[in-house]
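Undergrad: Sequence and predicted structure below; questions after.
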Number of protein chains: 2
Amino acid sequence: MELHAHNRERLVAALRAHLSTSGRPLRGFVLLQGGEEQTRHCTDYEELFRQESYFAYLFGVREPGFYGAVDIASGQSVLFAPRLKADYAVWMGEIKPLSYFKDRYKVDMVFYVDEIEQFFSEHEKPLLFLLYGKSTNSGNYSKPASFQGIDKFDTDLNTLHPVVTECRVTKSDMELALIQYANDVSSEAHVEVMRRAKPGMKEYQLESTFLHHAYMYGACRHCSYTCICATGENSSVLHYGHSAAPNDSTLKDGDMALMDMGAEYGFYGSDITCSYPVNGKFSSNQRTIYNAVLKAHDSVISRMRPGVKWIDMHELAERTILEALEKGNLIRGDIDDMMARRLGAVFMPHGLGHFLGIDTHDVGDYLEGLHKPKKPRMSSLRTIRELQQDMVITVEPGCYFIDALLRAAKDDPISSKFFNWEEIEKYKTFGGVRIESNLYVTAQGCKNLTNCPRETWEIEAVMAGAPWPSRAPCS
Amino acid sequence: MELHAHNRERLVAALRAHLSTSGRPLRGFVLLQGGEEQTRHCTDYEELFRQESYFAYLFGVREPGFYGAVDIASGQSVLFAPRLKADYAVWMGEIKPLSYFKDRYKVDMVFYVDEIEQFFSEHEKPLLFLLYGKSTNSGNYSKPASFQGIDKFDTDLNTLHPVVTECRVTKSDMELALIQYANDVSSEAHVEVMRRAKPGMKEYQLESTFLHHAYMYGACRHCSYTCICATGENSSVLHYGHSAAPNDSTLKDGDMALMDMGAEYGFYGSDITCSYPVNGKFSSNQRTIYNAVLKAHDSVISRMRPGVKWIDMHELAERTILEALEKGNLIRGDIDDMMARRLGAVFMPHGLGHFLGIDTHDVGDYLEGLHKPKKPRMSSLRTIRELQQDMVITVEPGCYFIDALLRAAKDDPISSKFFNWEEIEKYKTFGGVRIESNLYVTAQGCKNLTNCPRETWEIEAVMAGAPWPSRAPCS
């Protein structure tokens, strides 16, 4: 809870600085409304509740139906708890007194939700800073808090969202510790899955193994996203695993597996991808593609430090992969020409990575005024910011053989000549490779929070039963 | 898919009968809108999609964004699939042609969603029967289908909901087979959990074990509801396990465990509770309460047959438990007097059971005109219908020591004298016992679809390592 108190302190400091700059008074309340429990369609099936992310950031409350406020002048924090009906005690559990929430969530005051209006009325109608703004990842808008009687107060919808979003971009040591824990649990679970993968199994059995390991031994009840357990051709579907492609294929000897899975702990997540041959031994073609991606992964990590532009890292990954493919005789010609034609995006149609935190695609990726790059096939970059110390960002280069994109390249007379179509034909059912780690940007460089076998020989050894980690985690 | 085609046939027959009775023309279309994918709050986190239940019943479609229609005159069925953007192929998977859905879902025609208006226009503006009605379990209303241009057609909001709801109440052999499969997988997973439970473990480790077993070996990706893994005092919280009570206590030697967990397969679910001592040996007090509940469970099952009133079964369960508690010296006095005072509800404040099918609390529990019983503490009955052949219903008596209810009984001078408070004090931290099986009503009686160890000696043997099933499933 200290973590969330610290988050509130950071927000108050940032808001004061922001208001000072524009000469506005340093008073009023930040007011957020937490998430509500949802039932599925018209039934009484209750989805397992997970707190709204901004509310989780500032208050860490796990229960639905709360409001939270912070007094900008004093920094004091207030929670408003729902007043539960008597039969809650029978069905849902003990009705906790307000003092329980005050202790648990380390706030200065706790009232009931139906006391919000009265609370603010006693403060000479303060200005209420509400959370309203667009998520650049989803295009959805956050819902500003609302309560009976809010129309009696002055509200500000513009100030809070960019300020709190920017606070979330750099992580405190306590936040980092949770992301590291989620990474430790998930890395271990990935290794467990890797060891158990065998031809003849179903993809969902790998998903089940991951989920079980993360929950059973890591207490991670939620995952950061639906598991992507793709083998063979499925591994070229970037977001495989959803309801229309539900991890239900059979693992086949000779297939690659692409496992993109990450557990969440204390609201903070991880996002890790491992790629390996289902049968435990890399074929020559698999080694070519895998090592192209690994080189991109390692090259980027070796260059990351504050001040580096993310778009440059993305281009570095593309170039590294193209160079390796050229060496592997899949493409031919001048790499600069290929980069100018954006051929890297034929093999890697997604961005190099994204911020990671309470959300998997964490907030703050595009600052006001920063727009998505206009270069063709660069719009998939989830951020183009300069790296700053204390950011946590994924590095996830990939190389895929995607029918739709290869066909389009073949149909373009200028692009087409760069490809060795005869060689590429051999990769028709290859699918793809992605290697994804979670990086913390330090003052001098970066720290890899993920600890999975990455070199082909490490993977082959671990799949054959060798211990992991075979060495101390790299730092 | 034959199952869903059969469901449509049953609906068409029922609708025709209904319309005939009221002298209305036997034409028009049933039109349903399937569920949409949801993102969490303002983020791009996508919840794993599970189809809306009525749409699943009639069409069995696993993907989001569909509409479905049935021609009442001809019985022909039509699906409308979403038109996906080209980049779906890169991110989500191959864009399937309409013929794929026609084959997969065994319907007569498939068009795109943006062709709905045109499709109906070509049918001389038929009457559209839309799904609109209240779920008596949740109090929520189902959302009638809507599409661009629907205002050009006549719609009927009243006819469809009660007719299709009543169709869902009795199960076909194919539906029964799925519920039996979900029961087989879940019974096995319960036994696995039972064997692994040990003092010192965390409740969520039991949840994780169940989920893993059901998914890994039974291919059940969804559960019918959030797992209730309650031990010790927590077992008196009927719906423990949600976000505010997240299965996070430690199993203690001497505690009872109450495990209420059920997996779902092919949209059809199970709902099973096992109760047992964490350390594998029933204490004398545990045996008293457990056997009271087991006797209620068995007595009800032995009486169930078509024509039996559910409210009578509920009272039988209450009476059986009160009799056993009286023998056990926890209460004293005349059982009829206690029944008249509704003392059974102090120990079992929930209903005896509910319909089970595509929804855990399946539809059709209260017919139009049937109202919840007005007797005090009987309003928790989820249905009061007469049993009919082919219904599937849970039998889940329980006996709990719930502080709030016992305090209220003590404060009531008339009720209070029935209790042996000194003896009851010994059960203060006992929690509760629930035994829940899923029953199929046959022509002559009923069939128990659940196969878990139920007798105390069976449970003790299985927890000590004996094989299960030790005999053929009872029928």
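TA: It's in. Quick caveat: nothing in here was measured; it's all calculated off a predicted structure. Residues are numbered from 1 along each chain as shown, chains lettered A, B, ... in the order given.

Undergrad: for chain A, which helix is longest?
TA: Counting residues, the longest helix found in chain A (DSSP state H) is helix A:173-196.

Undergrad: Only C-alpha atoms, please: export that helix in CSV.
TA: What follows is helix A:173-196, C-alpha atoms only, in CSV (Å, rounded to 0.1, in the frame of the first residue of the first chain):
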residue,chain,number,x,y,z
ASP,A,173,11.3,1.1,-7.1
MET,A,174,8.2,-0.5,-5.5
GLU,A,175,6.5,-0.7,-8.8
LEU,A,176,9.6,-2.2,-10.4
ALA,A,177,9.7,-4.8,-7.6
LEU,A,178,6.2,-6.0,-8.6
ILE,A,179,7.0,-6.1,-12.3
GLN,A,180,10.1,-8.0,-11.5
TYR,A,181,8.1,-10.5,-9.4
ALA,A,182,5.6,-11.0,-12.2
ASN,A,183,8.5,-11.5,-14.5
ASP,A,184,10.2,-14.0,-12.2
VAL,A,185,7.0,-16.1,-11.9
SER,A,186,6.2,-15.9,-15.6
SER,A,187,9.8,-16.7,-16.6
GLU,A,188,9.7,-19.8,-14.4
ALA,A,189,6.3,-20.8,-15.8
HIS,A,190,7.5,-20.4,-19.4
VAL,A,191,10.4,-22.8,-18.6
GLU,A,192,7.9,-25.2,-17.1
VAL,A,193,5.8,-25.1,-20.3
MET,A,194,9.0,-25.4,-22.5
ARG,A,195,10.0,-28.6,-20.7
ARG,A,196,6.5,-30.2,-21.0
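
Undergrad: Identify each buried residue in it, please.
TA: Buried residues in helix A:173-196, defined by neighbour count with 16 or more other CB atoms under 10 Å in any protein chain shown: A:175-176, A:178-195. From N, CA and C alone the C-beta is placed, and that goes for glycine too.

Undergrad: Could you tell me the average pLDDT over it, please?
TA: The average pLDDT within helix A:173-196 is 98.

Undergrad: distance of A:Ile116 from chain B?
TA: 20 Å (CB to the nearest CB, to the nearest Å).

Undergrad: can you pull the contacts of that residue?
TA: A:Tyr67, A:Phe80, A:Phe147, A:Gly149 (CB atoms under 8 Å, 6 or more residues apart in numbering or on different chains).

Undergrad: Just the ones in strands from those, please.
TA: Counting by DSSP state E, these place A:Tyr67, A:Phe80 in strands.

Undergrad: and the residue nearest to A:Gly149 when sequence neighbours are not counted, what helix or strand is that in?
TA: In this structure, A:Gly149 finds its nearest non-sequential neighbour in A:Glu117, 3.6 Å apart by CB to CB, 6 or more residues apart in numbering or on different chains. Using DSSP states H and E, the element containing A:Glu117 is helix A:116-121.

Undergrad: Low-confidence ranges, chain A, go.
TA: Applying pLDDT under 70 to chain A picks out residues A:368-370, A:376-377, A:471-475.

Undergrad: what residue lies at the spatial centre of it?
TA: Nearest to the mean C-alpha position of chain A, by CA atoms, centre = their mean, lies A:Thr360 at 1.9 Å.

Undergrad: ok, now how distant is that residue from chain B?
TA: Distance from A:Thr360 to chain B, by CB to the nearest CB: 6 Å.

Undergrad: Just give the closest residue to that residue, not the sequence neighbours.
TA: Of all residues not flanking A:Thr360 in the chain, A:Ser224 sits nearest, at 4.3 Å (CB to CB, 6+ apart).

Undergrad: Pull up the gap between the one you found and A:Gly34, please.
TA: A:Ser224 is 20 Å from A:Gly34, where distance means CB to CB, to the nearest Å.

Undergrad: Ok, A:His190 next?
TA: When A:His190 is compared with A:Gly34 (using CB to CB), they lie 32 Å apart.

Undergrad: ok so, going back, quick one: residues contacting the residue nearest to A:Gly149.
TA: Here A:Glu117 is in contact with A:Phe147, A:Gln148, A:Gly149, A:Ile150, A:Lys152 (CB under 8 Å, 6+ apart).

Undergrad: Strands of the stretch 301-450 of chain A, start to end?
TA: A:392-395, A:398-400, A:432-434, A:437-441, A:446-448 (DSSP state E, counting those that start in this stretch).

Undergrad: The third one pairs with which strands, and in what direction?
TA: With DSSP bridges as the test, strand A:432-434 is paired with strand A:398-400 (antiparallel).

Undergrad: what do you get for the longest one?
TA: When pairs are called by DSSP bridges, strand A:437-441 turns out to pair with strand A:392-395 (antiparallel), strand A:446-448 (antiparallel).

Undergrad: How about the residues of the stretch 201-350 of chain A by chain B?
TA: Taking CB under 8 Å from any CB of the partner chain as the measure of proximity, the stretch 201-350 of chain A contacts chain B at A:202, A:204-205, A:207-209, A:211-212, A:215-216, A:219, A:221, A:225-226, A:234, A:237-240, A:242-246, A:248, A:349.

Undergrad: quick one: contacts for the residue nearest to A:Val107 when sequence neighbours are not counted?
TA: Spatial nearest neighbour of A:Val107, excluding adjacent residues (CB to CB, 6+ apart): A:Ser77 at 4.2 Å. Applying CB under 8 Å, 6+ apart, one finds that A:Ser77 lies in contact with A:Ala5, A:Arg8, A:Phe59, A:Gly68, A:Ala69, A:Val70, A:Asp71, A:Val107, A:Asp108, A:Met109.

Undergrad: and the first one, which of the three is it?
TA: Okay, so that is A:Ala5. helix (DSSP: H, G, I helix; E, B strand; the rest coil).

Undergrad: Can you name the residue of the stretch 301-450 of chain A nearest chain B?
TA: A:Ala404 (4.5 Å; CB to the nearest CB).

Undergrad: got a list of what that residue touches?
TA: Taking CB under 8 Å, 6+ apart as the test, what A:Ala404 contacts is B:Ala86, B:Ala89, B:Val90.

Undergrad: Look up how far B:Met92 lies from it.
TA: 12 Å.

Undergrad: Please apply the same query to A:Cys399.
TA: For A:Cys399 relative to B:Met92 (CB to CB), the value is 19 Å.

Undergrad: now A:Ile393
TA: With CB to CB as the criterion, A:Ile393 and B:Met92 are 24 Å apart.

Undergrad: So these two - more neighbours on which side?
TA: A:Ile393 (27 against 19; other CB atoms under 10 Å in any protein chain shown).

Undergrad: okay but the more buried one is in contact with A:Val441, surely?
TA: Yes: counting by CB atoms under 8 Å, A:Ile393 does reach A:Val441; the two are 7.0 Å apart.

Undergrad: what residues are shared contacts of the two?
TA: A:Leu387.

Undergrad: And A:Ala230, which helix or strand is it part of?
TA: Going by DSSP H and E, A:Ala230 is in strand A:228-231.

Undergrad: Okay, now the sheet partners of that strand, with direction.
TA: Here, using DSSP bridges, strand A:228-231 pairs with strand A:256-261 (antiparallel).

Undergrad: Now do the partner strand against helix A:173-196, angle only.
TA: Relative orientation of strand A:256-261 versus helix A:173-196 (axes from the mean of the first three to the mean of the last three CA atoms, to 10 degrees): 150 degrees.

Undergrad: What segments of the stretch 251-400 of chain A are helices?
TA: Under the criterion DSSP state H, counting those that start in this stretch, the stretch 251-400 of chain A contains helices at A:284-303, A:310-327, A:335-340, A:344-347.
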